[in-house]
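K.L.:
I would like the atomic coordinates for the input below:
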Amino acid sequence: MTTTDLPELIKPTAPERTDEEYHELNMALASVLTTLKKHKNILIKTAQLQDWSQRKIEITLVYKPSVEQWKAYEVQERTYYNERRNREELQQAEQFGITVEQLREAKRRHDVYQSKKCEKAPDYELDYFVEKILSTSDVPELAES
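P.N.:
This next block holds a predicted model:
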């Protein structure tokens, strides 16, 4: 018997590589996507049928908050940052031994100085302007209760 007399060899196809399996996965993907579309706060970020070493479906979902949820979050965030700034100012004013209004004035003067100073001008820190505020008599002191 010679090699030409032997029947042709046909490599078998793995079960997960058939067209039928690919079609079934596509139908499952379509079904899942249709079901997921019914949820209005769920956003389908990616949905794909991968065809590399093994065919598989990968879906990435993201929760999409409503407009009302974003508005409520923005209000809470703004309130949080305002309260945090107020606390930081109060703590800083207490460290300097001045009122919050005096601290704000010192910061304003410091910012004006920094914006107008030339390269050769000395670098004054905030505490320099706090001292200027304390030594100036035109800034009203709060009466102690």
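
K.L.:
just checking, what packs against the worst-scoring helix or strand of the chain on mean pLDDT?
P.N.:
The helix or strand of the chain with the lowest confidence, counting by mean pLDDT, DSSP states H and E, is strand 42-51 at a mean of 81. Using 3 or more C-beta pairs under 8 Å, 6 or more residues apart in numbering; DSSP states H and E as the contact test, the elements touching strand 42-51 are helix 19-37, strand 55-63. Placement of C-beta: from N, CA and C, glycine included.

K.L.:
got a list of contacts for the first one?
P.N.:
Contacts of helix 19-37 with the rest of the structure, by C-beta atoms under 8 Å, 6 or more residues apart in numbering, involve Pro15, Ile42, Ile44, Ala47, Leu49, Asp51, Arg55, Lys56, Ile57, Ile59, Leu61.

K.L.:
determine which two of those residues are furthest apart.
P.N.:
Using C-beta to C-beta, those span at most 32.5 Å, a distance reached by Pro15 and Ile42.

K.L.:
among the two, which residue is more densely surrounded?
P.N.:
Of the pair Pro15 and Ile42, Ile42 is the one with more neighbours under other C-beta atoms under 10 Å, namely 13 against 8.

K.L.:
break this structure into its domains for me.
P.N.:
17-64, 68-135 (automatic domain parsing).

K.L.:
quick one: distance of the shortest one to the chain centre.
P.N.:
Put plainly, it is domain 17-64. Relative to its chain's centre, domain 17-64 lies at 27 Å (C-alpha atoms, centre = their mean, to the nearest Å).

K.L.:
low pLDDT regions in the protein?
P.N.:
Applying pLDDT under 70 to the chain flags the ranges 1, 14-17, 52-54, 137-145.

K.L.:
show me which helix runs longest in it.
P.N.:
Assignment by DSSP state H gives helix 67-96 as the longest helix of the chain.

K.L.:
what angle do that one and strand 55-63 make?
P.N.:
Relative orientation of helix 67-96 versus strand 55-63 (axes from the mean of the first three to the mean of the last three C-alpha atoms, to 10 degrees): 60 degrees.
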